[in-house]
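Visitor: Have a look at this prediction, sequence included:
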Amino acid sequence: MPADRSTVVRSVETALATTLNFALGRRLHGATVAEFPHARTVLATAHLDLEILRAAAASADPGAEHLVVATANRALRELSVVLGARFYLREGDHADFGEALLAVTEGLPPPSRTRRELAERLPADPPTRRLPDHAARWRRRRADGPVTPALTDTYTHLLAAEHHPADSPWHHAVLTTIARRCDGDGSPLPPEDVDDIFTHLTRGGTT
Amino acid sequence: MPYPATEPDSEKFPSEAVDALTRQGLQGLYIPASLGGRLTDHTELLTALRTIAARDLTLAIAHGKTFLGAVGVWLSGSPEQTARLAALITEGAPVALALTEPEHGADLLATDTTAVRTERGFVLRGRKWPVNNATRGRLLCLLAKGEGDALNLHLIDKEDLPDSGWRHLPKVPTHGIRGADISGIEFDGVTVPAGTLIGTPGSGLATVVKGLQLTRTMCAALSLGAADHALRLALANDDTTPWNDEVLATALADRLINEAVALVAARSIHALPGEMAVMSAVVKYLVPTRTDRLLEDLADLAGPDGDYREVVRDHRVVGLFDGSTVVNLASLTAQFPLLLNGYRSEHVDHDGLRAALDLSAPPPAFAPEHLSPLAIGGSSVLNALPAHTRSVTGPAAGQVESLKERVDTITARLGGPAAPNGRAPAERLHLAARLTEAVAAAACVGLWLANAYRLDTPLWTDAAWLRLALWRLENTSPLDPRLRDICLAESRATSGRTPSLMPC
């Protein structure tokens, strides 16, 4: 891929930092954007996406490439909603975001291609040990019919669970996020996780 | 439609193509028929803009923005203002809507631009940025603060302005729609005539809110056109593997869902105007969001062609127009109690719903006085789902029953207090997003029930398109290969002219 995995991780780090700065400084409806629950949730979830990205970027598993591409695209798509019209501008204080977006969306193959490539070489026995409930669901889906895009996404998320470091302070939140995505459940992070991660981010914690 | 081709990714405004569309009279569709225009049915405007967007999104945006600029005058202008504006638009004058300011974005109540009344008219001060067609637009519909901080709309004709006291702000380079005139305008004490005020003092925000119900619905044309363009490029790939066929059929399902909800919403402008606060938010959230994903999903088949990348980049801006995804979801959360009551009581405007769904007859005349900032009875389209479920028989009946159970679950969670602007918890916005899918599904069921008896194309026979759409919205089971084959066979037999619920 023209953009290597470390470039992808850096791009999402840049996008998160740019959006966080915007959210802390921009005022709407009498408050900063960072005080809005939706924006806080997106920023905290993007931090978890970075953790997933870093785990996947270091993996040689056949699913890693799709996980990198899909997670980076997802994180940038969500962050762009918080940044609003600024994400679309090529000049100004937030132009770094647009560059990061192009690096990921045009420097990488599209998620639809990496998903297909993964499906074509999906191992017969995917790593399912850490999420047994979801593994059972995975197996049921496989029995239902051909490999579907949703199924390969499930596989790659299981892969992230395998590689995410257990000593990360966000390990539980990462696993919960992965489990929800395996389920096709797009519900947001619980507010307590959002607050913990957001506090970490605004106290100068690394993104 | 013959018009000069534009350069891919060009930074140059597509003047020749815009002028060609104007010579053909497209702008007549922006003007109500009662004022001498051709706008009698908003689905015609939807179809026209979609057709252009399927070739060139920048062009559709550059020309179509005049409707956005004019709609506030159609809703609240005096007879003299509406007649004058209709005449100018007919001649080809572009109109822009100047709402946003650099520091306030969607927070219109924080508008800093002022229009202070004097003996000679109004003195304007402030900056509007970024504004589509701010520089090229001869006229501006401008939101400004007046006496007592009341928000007013003014129709400004730049040809009436003196040479000093105002200036254009430079074009903003954007990632997509690079040729569009995204720029701004600044006023520094310029005086405009008293006759620029639209409606009564203090009515500006209410007019904008109602106007956005129409323009948000029309934004679906841009997404539908982008999806048409993408499908055309993807269908040109003749690598017909089972995987590719499933990806194509899934994209067709998404496009059919988007068409159904856009079509019902556009007809609802005429048939159910009092419910547009819900329908416009549903269509403006759902259609661009699903189209962004559709474009992502088709990229493997259609890319890495430069044309395709341009479509993807261009379309990303549509979600921002006329209220972002979050703005639209938040407006739905504010109406949760109304939606819950309406669904529980199965409150349905039967005549209006029939007119919104029955494609065999043109919709009734638009009655703008019935637009409302809130949908008091919720959504007839959604509220009719229980009755419609009881009426569906045949191959789709099981899916519809299952859908109705899911919608029951979603609506049961709509209770609870409304949050102030921007403060809705993330899970409430997530629920609003799920609600948009419920309304879309209900629109599909209603549309099919109202028209299937008289249509026997492969798409309508045995509820093929409805089953495909509900399969996609349900997203839990493998695709029935027979449905996939019906859709793809029709697409391939017509050289990429994909099966559609709309004439285009």
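Guide: Good, I have the coordinates. Remember, it's a predicted structure, so these values are computed and weren't measured experimentally. Residues are numbered from 1 along each chain as shown, chains lettered A, B, ... in the order given.

Visitor: helices and strands of chain A: which one has the lowest mean pLDDT?
Guide: Here the helix or strand of chain A ranked lowest by mean pLDDT, DSSP states H and E is helix A:132-144, holding a mean of 53.

Visitor: next structured bit after it?
Guide: helix A:149-163 (DSSP states H and E).

Visitor: Buried ones in that following helix, by neighbour count?
Guide: A:149, A:151-163 (16 or more other C-beta atoms under 10 Å in any protein chain shown). All C-beta atoms are positioned from the backbone trio N, CA, C, and that covers glycine.

Visitor: What of stretch A:100-114?
Guide: Going by 16+ other C-beta under 10 Å, stretch A:100-114 has these buried residues: A:100-105, A:107-114.

Visitor: Format the CA atom coordinates belonging to stretch B:36-52 as CSV.
Guide: Extracted C-alpha coordinates of stretch B:36-52, given in CSV (Å, rounded to 0.1, in the frame of the first residue of the first chain):
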residue,chain,number,x,y,z
GLY,B,36,-44.6,32.1,-13.2
GLY,B,37,-42.2,29.3,-12.6
ARG,B,38,-42.5,25.5,-13.1
LEU,B,39,-42.3,24.3,-9.5
THR,B,40,-45.6,22.4,-8.9
ASP,B,41,-44.1,19.1,-7.7
HIS,B,42,-40.9,18.9,-5.6
THR,B,43,-40.2,15.4,-6.9
GLU,B,44,-39.6,17.0,-10.3
LEU,B,45,-37.0,19.3,-8.8
LEU,B,46,-35.5,16.3,-7.0
THR,B,47,-35.3,14.3,-10.3
ALA,B,48,-33.8,17.2,-12.2
LEU,B,49,-31.0,17.9,-9.7
ARG,B,50,-30.4,14.2,-9.3
THR,B,51,-29.9,13.8,-13.1
ILE,B,52,-27.3,16.6,-13.1
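
Visitor: Going by neighbour count, list what's buried in it.
Guide: B:37-43, B:45-52.

Visitor: cool, stretch B:478-495 as well?
Guide: For stretch B:478-495, using 16+ other C-beta under 10 Å, the buried residues are B:479, B:480, B:483, B:484, B:486, B:487, B:488, B:490, B:491.

Visitor: Stretch B:198-212 now?
Guide: Those would be B:198, B:199, B:203, B:204, B:205, B:206, B:207, B:208, B:209, B:210, B:211, B:212, for stretch B:198-212 by 16+ other C-beta under 10 Å.

Visitor: go on, stretch B:83-90?
Guide: The neighbour-count check on stretch B:83-90 (16+ other C-beta under 10 Å) flags B:84, B:85, B:86, B:88, B:89, B:90 as buried.

Visitor: Chain A versus residue B:310, what's the distance?
Guide: Remark: distance between residue B:310 and chain A (C-beta to the nearest C-beta, to the nearest Å) = 11 Å.

Visitor: from the middle of its chain, how far away would stretch B:125-137 be?
Guide: Relative to its parent chain, stretch B:125-137 has a centroid offset of 21 Å by C-alpha atoms, centre = their mean, to the nearest Å.

Visitor: Setting the sequence-adjacent residues aside, check what's closest to the residue nearest the centre of chain A.
Guide: Nearest residue to the geometric centre of chain A (C-alpha atoms, centre = their mean): residue A:49, 3.1 Å. Distances taken as C-beta to C-beta, 6 or more residues apart in numbering or on different chains put residue A:75 closest to residue A:49, at 4.0 Å, once the chain neighbours are dropped.

Visitor: Give the residue spans of chain B that score low on pLDDT.
Guide: B:1-9, B:304-305, B:493-496, B:503-504 (pLDDT under 70).

Visitor: Break it down into its structural domains.
Guide: What automatic domain parsing lists as the domains of chain B is B:1-202, B:219-493.

Visitor: what's the longest helix in chain B?
Guide: helix B:242-271 (DSSP state H).

Visitor: Next secondary structure element downstream of that helix?
Guide: Following helix B:242-271 in sequence, per DSSP H and E, is helix B:276-302.

Visitor: Keep only those of the buried residues of stretch A:100-114 that are also close to chain B.
Guide: When C-beta under 8 Å from any C-beta of the partner chain is applied, the members of the buried residues of stretch A:100-114 adjacent to chain B are A:101, A:102, A:105, A:109, A:110, A:111, A:112, A:113.

Visitor: For the stretch 101-250 of chain B, give the residue positioned nearest to chain A.
Guide: Relative to chain A, the nearest point of the stretch 101-250 of chain B is residue B:173 (4.1 Å; C-beta to the nearest C-beta).

Visitor: Tell me which of the buried residues of stretch B:36-52 fall in helices.
Guide: B:42, B:43, B:45, B:46, B:47, B:48, B:49, B:50, B:51, B:52.

Visitor: Now do the same contact list for the nearest residue to the third one once chain neighbours are set aside.
Guide: Closest residue to residue B:45 in three dimensions, ignoring its sequence neighbours and counting by C-beta to C-beta, 6+ apart: residue B:29, at 4.7 Å. The neighbours of residue B:29, taking C-beta atoms under 8 Å, 6 or more residues apart in numbering or on different chains as the test, are B:37, B:38, B:39, B:44, B:45, B:48, B:67.

Visitor: where does residue B:29 sit relative to residue B:89, distance-wise?
Guide: Using C-beta to C-beta, to the nearest Å, we find residue B:29 at a distance of 10 Å from residue B:89.

Visitor: Need the residues touching each of the two.
Guide: residue B:37.

Visitor: what's the pLDDT at the residue lying farthest from the centre of chain A?
Guide: Distance from the centre of chain A peaks at residue A:30, with 30.2 Å (C-alpha atoms, centre = their mean). With respect to pLDDT, residue A:30 scores 88.

Visitor: can I assume residue B:456 sits in a helix?
Guide: No. Looking at residue B:456 with DSSP: H, G, I helix; E, B strand; the rest coil, it is coil, so not inside a helix.

Visitor: What segments of the chain are strands?
Guide: Reading this off chain A. All strands of chain A, identified by DSSP state E, fall at A:27-28, A:31-32.

Visitor: try chain B instead
Guide: Secondary structure of chain B (DSSP E): strands at B:95-98, B:114-118, B:121-132, B:139-145, B:151-157, B:166-169, B:182-192, B:197-198.

Visitor: Perfect, that will be all.
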